[in-house]
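> Show me the folded form of this:
(chains A, B and C)
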Amino acid sequence: MPLYWLIDVSGEEESNEVEIWAISEDEVRVIINDRFNVEFYVQSSNQEEDAKSIKVIEGVKSIESVNKNFKGKSLNLLKISVGNARASDIVEEIRRQCKYLVNIFEDDIRFSNQYIFKKGIIPSSWINLDVVDQGYINGYRTLRLNKIVSVDFQRSYFPQLKILAFDAFFYSQKGSPDPERSSIIAISVVTSDNISKVFVGEEKILVNNFLNFIKEFDPDVIVGFNSNRKIIPFLIERSKRIGLEFSLGRLNSVPRGSVHGHQSVRGRLNIDLYDLAEETPEIKLETLEEFTQFLNLPIEYDTVDEYELAEMWSKDRDRVLKYLIQRARGIFEIYKVVDEYIFSLSQLTCIPADYVLTASTGFRVENYLSKLAVEKNEVIPSRKEVVHVSYLGGMVKSPTPGLHKDIVVLDFRSMYPSLMIKYNISFDTIDPNGPIIVPNSAIRFSDKEGFLPHALKKLIEERRRIREKMDMLPRDSPERIILDARQRAVKVISNAIYGYTGWAGARWYTREIAEVTAALGREIILNAIKKAEELKLKIVYGDTDSLFIKNDKKIDELINWVENVLGLEVKVDKIYKTVLFTEAKKKYAGLKDDGAIEIVGLEAIRGDWSEVAKLAQKEVVEAILKVGVEEGVNVARRHINNLVSQKVPLKQLIIWKQITKSLEDYEATAPHVEVAKKLIGEGWKIQPGDKVGYVIVKGTGRLYTRVKPYFKANLNEIDWNYYVEKQVLPVCMRILEVFGIKESDLKSTLGLTAFFQ
DNA sequence: TGTAGGCATCCATACCTGTCGCT
DNA sequence: AGCGACAGGTATGGATGCCT
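Numbering: from 1, shown residues only, chains lettered A, B, ... in the order given. The predicted structure follows:
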């Protein structure tokens, strides 16, 4: 039976036609057609009567009485199958006609999702298909699906995909490019066939050449950076203006806007690495440069910022083109590092690789659970608007300020998932008379395995299996890399299930569950602290599921006690030679036994502080941990002195902050919002999610009147005093005051006192 | 089309209090 | 003495981005 690897599934609900793009084992790109009728379920207090009304509604293909599970109950429902119609129209009619209607389920599950769930297929996987040849369309072999035979779980590798990385520049004299007046000046590409080129010249010819190249190379994957939100929509719009169809997709189709702000490109995977940058916490500014650096890829960029692009284009065209090519190269290389992760995530969540990155964590979890629900005959609840009542979360123990030597960090291994399994916590096991009781809580659970514990066990088992397999493979072997990506994907989903149950937008939102899980977490950590104190262990800090303990033989005893008495796994996560705490929770810095410095929570790692302040704090911390407080003071003085003598480059003075909502929604006046407003007034487009960089300049009055976009400021208007008093000094003092150092200790001796008057 | 809550921190603003000058 | 303007301090809430 031939094997096919699934690229994408799409379809037309009204014509019941499914279009699957796939690659056969011998690497032929094929279109597989199938038919599928959408189904949904109706709960009625008088099935017979309501069935009569439903039967005559146009588009209802069949009705069947079925039993399904719903949150721990068994429900008898009418399964409605839809033919040549839209489910939403039929639902509307049912709401009007059925007198005994109680509820409708699964009418809000997208067509292609239903198909994937109900046929048991898995995107980005190899599947045995029984197909009939139907000839060719535009050179693509077309098949009709007879039967899905089986998913081949054994094959962990992916087919040789044809990859095209691309990027584009648009010309805008002032502000952000706008398809109305800005033209496309260049498009660069780098492909898996090792072609690297840039399309330039007269706009129409340029675009045509690019599209011809696409048609000829025929990539399976199109990868860009910011392609969903900016590049592709611009190219489509601009092409329209100059009388072209931007047919990036197979069968000459133009991309169209799809779910989660994704651009759907027919027959190809359109992947935007910006989505991945956004969800990677280490990447703060979310630029391609930063992403590349984060992955340690040896790619150099001669960066041209957007604000200087137009000028550079007239001054040094080659430099701009060089940078554009470097970008496509960077995008390509990053993709090669992350593709396994993307496909693993796609397989696990059953979201096509195409938009698995644009879907946020909550929707990934939800898709995973939905797929499992169909398998377990559980009805998927409808999405409803509910009012969220927040609840108590994790417990954080205040740290003992100062330097601590030889500190062991004890971690409860995946505490929330473990607790949910241990107490069988789930939306379908809540039972006022259930045998499982929870300490200090009125809520009880039945002992019949719940849906969420089942899901979690499956995930944990899967991860264990993968890691076992991994251990048998040589390091850096391709298979091991794929498995590692897969186990990471599994872990992400598993850890997010607790949070998902407390998310008001979730289909399976059940606040009580999230609440009781968090309460149990607090109970556990408090018990562990109590036991540790009994053992005379010294705890310097703790947060949610971790304890920082002064090293002692008795720690083993504590670990055993937790495992035997509390029934949970704990492990030594790491050991600090020295760790530094201030008064604040969630902030510390440590020197590990391997010599590495770890900074947690402090300003030095926050994206919304100037580089000069971050660097100063980082060096102060390092000096204290490695040398001593005295040296920390010296470092701080040096940095302050640098500012006073105005020797710091402008780039280190930029403060970056995100615009999180549309500007009119801001209640408070804030510096970064004022900058954003100014920029918008000058023709820049700023949307929620964008980051604005600004510096503080000399002047009087409120801070927001003294801000300037970084690219409009120059060094002689900088308010150096601000950077001393509000940036470098406070972050250094935060650390140094722990050791009794006073502000005056940093300012004096350098003859700076006058400067601060 | 937002996993959760806990936390520190900055900034703008409202409010409070005391002082001073003027009548 | 009584009043208002003003300066300076403080409490409060919005906003951001971190931690587990």
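> Spit out the contact partners of the most centrally placed residue in chain A.
Geometric centre of chain A, nearest residue: residue A:279, 3.4 Å, by Cα atoms, centre = their mean. With contact set as Cβ atoms under 8 Å, 6 or more residues apart in numbering, residue A:279 has these partners: A:357, A:360-361. All C-beta spots, glycine's among them, are computed from the backbone N, C-alpha and C.
> What of residue A:417?
A:456, A:459-460, A:494-495, A:497-498.
> Just the element for the residue in chain A positioned nearest to DNA strand B, please.
Closest to DNA strand B within chain A is residue A:499: 1.3 Å, counting by Cβ to the nearest atom of the strand. Assigned by DSSP states H and E, residue A:499 falls within helix A:478-501.
> by contact count, what packs against that helix?
Applying 3 or more Cβ pairs under 8 Å, 6 or more residues apart in numbering; DSSP states H and E, one finds that helix A:478-501 contacts helix A:317-349, helix A:361-375, helix A:415-422, helix A:451-471, helix A:511-534.
> Using CSV, lay out the ones you listed together with mean pLDDT.
Shown next, in CSV, are the helices and strands packed on helix A:478-501 (pLDDT from 0 to 100):
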stretch, mean pLDDT
helix A:317-349, 96
helix A:361-375, 97
helix A:415-422, 97
helix A:451-471, 95
helix A:511-534, 97
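> and residue A:662, which of these is closest to it?
helix A:361-375 (21.9 Å; Cβ to Cβ).
> Following the chain onward from that closest one, which element is next?
strand A:396-397.
> Quick check: neighbours of that next one in the sheet, parallel or antiparallel?
strand A:539-543 (antiparallel) (DSSP bridges).
> what about the partner strand, near DNA strand C?
Yes. Strand A:539-543 is in contact with DNA strand C by Cβ under 7 Å from any atom of the strand, via residue A:543.
> Does anything pack onto the following helix or strand past that strand? Which helices or strands?
Using DSSP H and E, the next helix or strand after strand A:539-543 towards the C-terminus is strand A:546-550. Contacts defined by 3+ Cβ pairs under 8 Å, 6+ apart place strand A:546-550 against strand A:402-412, helix A:511-534, strand A:539-543, strand A:570-581.
> okay, these in a markdown table with mean neighbour count next?
A markdown table is the format used below for the helices and strands packed on strand A:546-550 (neighbours: other Cβ atoms under 10 Å):
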| stretch | mean neighbour count |
| --- | --- |
| strand A:402-412 | 18 |
| helix A:511-534 | 19 |
| strand A:539-543 | 20 |
| strand A:570-581 | 18 |
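> I'd like those laid out as JSON lines, including distance to residue A:228.
Formatted as JSON lines, those follow (distance: least, Cβ to Cβ, whole Å):
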{"stretch": "strand A:402-412", "distance to residue A:228": "37"}
{"stretch": "helix A:511-534", "distance to residue A:228": "31"}
{"stretch": "strand A:539-543", "distance to residue A:228": "36"}
{"stretch": "strand A:570-581", "distance to residue A:228": "37"}
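> quick one on the thing from earlier: now do the helix holding residue A:499 against helix A:451-471, angle only.
160 degrees (axes from the mean of the first three to the mean of the last three Cα atoms, to 10 degrees).
> Helix A:478-501 and DNA strand C, any residue contact?
No. Helix A:478-501 is not in contact with DNA strand C by Cβ under 7 Å from any atom of the strand; minimum separation 8.7 Å.
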